[in-house]
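> Turn this into a model:
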Amino acid sequence: MAGGTTSTMFRPRTVGEAVEMLAAAHDSGAAVALLGGGTDLVPALRSGERCAEAVVALRRVLELRVRGAGADSLTIGAGVTYTDLAGWSLSPGLARAARVVGSVQIRNTGTVGGALGSARPAGDLLTFLTAADAEVLTASPRGPDRMSLPRFLADGLAPDALVTAVQLARPGGPQVYLKIGERQAAYPAVVSCAVLVDRVRHRLTCAIGGVGVLPARMGQAERYARDEVDWSTGTVSPPAARRFGDLVVEEAARVAPALPEGPRGSVEYRWHAAGVLAGRAFARCLHHLTGPPAGDTARGPAAGGQR
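Numbering: from 1, shown residues only. Got it, this is the predicted structure:
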């Protein structure tokens, strides 16, 4: 149901059929929605927040549920669920991020394509993919295409196109994903952080979610890390980790457009939390620390007493 009106449901079995049905519905002037796991779309349709005269359901398109690995890259279909990713040994960092998404029910049905479509400010998968320099693969009547994740988030998709997969580099070193939330299950992150280290290319990337309307890369902190890491051993000094966190706080305060004040944390709190998470993730990637496993939801002092 969409605002009390019954939608026409299309159920393609291939990407080609999905593109044809989507294009035909669009050409007819109908308001079209793509349905993957339905964790965001179905509640929005029921509440009337969204309206769709045609729905293209993608659950039967097996091509979208494939994960693949090349010599240098990983390709993850838009229909792959969080549960599918949670145990994927080829991408431990991505697996950690997937394990802390919502409840078991959400992880069983929510998909990679849905994470891209909802584009939540502190979305677990979106923050990790931002740090991973992911590319978005699409299909439309004009053929296959690819775009960088920032371009996809800024420009969106053509109305007759759909996401088929995301592609990212194979891990070249440690990866850590951390988030602050009221609880690991069922509650979205207040602030999230992904740090990825590539020891082959002597490179570190960091993305923060929850301070801007979309996750943001911390370029200044990344450049600082490149010069401070002992790449021969993959280690860094504790003072360098603290400085890395301080730089993230400074950059988080400059992210625009920023999220407005909210009931789950002030702007200043989110900046502080971003620095705490980034310093912690940076240190875990680059020297041994005791503490909860990477990917756990942060609690205690770093969470600022949020409940």
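> who are the neighbours in contact with residue 260?
Residues in contact with residue 260, defined by Cβ atoms under 8 Å, 6 or more residues apart in numbering, are residue 267. Every C-beta, even on glycine, is put in place using the N, C-alpha and C of the backbone.
> which residues of the stretch 101-250 of the chain fall in strands?
Secondary structure of the stretch 101-250 of the chain (DSSP state E, counting those that start in this stretch): strands located at 135-140, 143-148, 162-169, 175-180, 191-198, 203-209, 216-217.
> so of those strands, which one's packed in deepest?
Across those, the average number of neighbours (mean count of other Cβ atoms under 10 Å) peaks for strand 191-198, which reaches a mean of 30.
> Next, the angle strand 203-209 makes with it.
What separates the directions of strand 191-198 and strand 203-209 is an angle of 170 degrees, with axes from the mean of the first three to the mean of the last three Cα atoms, to 10 degrees.
> Please verify my assumption that residue 153 contacts residue 216.
No: applying Cβ atoms under 8 Å as the test, residue 153 and residue 216 come out as separate, 10.7 Å apart.
> Columns mean pLDDT and distance to residue 50 on top of the strands of the stretch 101-250 of the chain, output as TSV?
Formatted as TSV, the strands of the stretch 101-250 of the chain follow (pLDDT from 0 to 100; distance: least, Cβ to Cβ, whole Å):
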stretch	mean pLDDT	distance to residue 50
strand 135-140	96	21
strand 143-148	95	24
strand 162-169	96	17
strand 175-180	93	27
strand 191-198	96	25
strand 203-209	97	23
strand 216-217	96	27
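> distance between the helix or strand where residue 96 lies and the chain's centre?
Of the helices and strands defined by DSSP states H and E, residue 96 is found in helix 92-99. Centroid separation for helix 92-99 versus its chain: 10 Å, with Cα atoms, centre = their mean, to the nearest Å.
> Residue 88 reaches residue 99, doesn't it?
No: look at residue 88 against residue 99 with Cβ under 8 Å: they stay out of range, at 10.4 Å.
> which residues make contact with stretch 247-255 from outside it?
Among residues not part of stretch 247-255, those counted as contacts by Cβ under 8 Å, 6+ apart are 206, 208, 211-212, 216, 218-221, 224, 270-272, 274-275, 278-279.
> if you set the cut-off to 6 Å instead, what comes out?
The set of residues that contact stretch 247-255 without belonging to it, under Cβ atoms under 6 Å, 6 or more residues apart in numbering, is 208, 211, 212, 216, 218, 220, 221, 224, 271, 274, 275, 278.
> Quick one: buried ones out of the residues you listed?
With burial judged by 16 or more other Cβ atoms under 10 Å, the buried subset of those is 208, 211, 212, 216, 218, 221, 224, 271, 274, 275, 278.
> all helices for this protein, in order.
With DSSP state H as the criterion, the chain has helices at 15-27, 41-47, 82-86, 92-99, 104-109, 112-118, 124-131, 149-155, 219-228, 238-252, 267-286.
> The third one - contacts with which helices or strands?
The helices and strands touching helix 82-86, judged by 3 or more Cβ pairs under 6 Å, 6 or more residues apart in numbering; DSSP states H and E, are helix 92-99, helix 104-109.
> swap in the fourth one?
Taking 3+ Cβ pairs under 6 Å, 6+ apart as contact, the helices and strands that helix 92-99 lies on are helix 82-86, helix 124-131, strand 175-180.
> Tabulate the CA atom coordinates of that helix in CSV.
Provided in CSV are the C-alpha atoms of helix 92-99 (Å, rounded to 0.1, in the frame of the first residue of the first chain):
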residue,chain,number,x,y,z
PRO,A,92,37.0,-8.4,7.5
GLY,A,93,36.3,-4.7,7.9
LEU,A,94,33.2,-4.9,5.9
ALA,A,95,32.1,-7.9,7.8
ARG,A,96,32.6,-6.1,11.1
ALA,A,97,30.5,-3.2,9.9
ALA,A,98,27.7,-5.6,8.7
ARG,A,99,27.6,-7.4,12.1
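> orientation of that helix relative to helix 124-131 in degrees?
Angle between the axes of helix 92-99 and helix 124-131 is 160 degrees (criterion: the same axes, to 10 degrees).
> Looking at residue 88 and residue 99 now, which is surrounded by more residues?
residue 99 (19 against 16; other Cβ atoms under 10 Å).
> Please report how far that one lies from residue 65.
Distance, residue 99 to residue 65, using Cβ to Cβ, to the nearest Å: 19 Å.
> Check residue 176 too.
According to Cβ to Cβ, residue 176 and residue 65 sit 27 Å apart.
> can you check residue 276 too?
Separation of residue 276 from residue 65 (Cβ to Cβ) stands at 37 Å.
> before we move on, what about residue 131?
Separation of residue 131 from residue 65 (Cβ to Cβ) stands at 24 Å.
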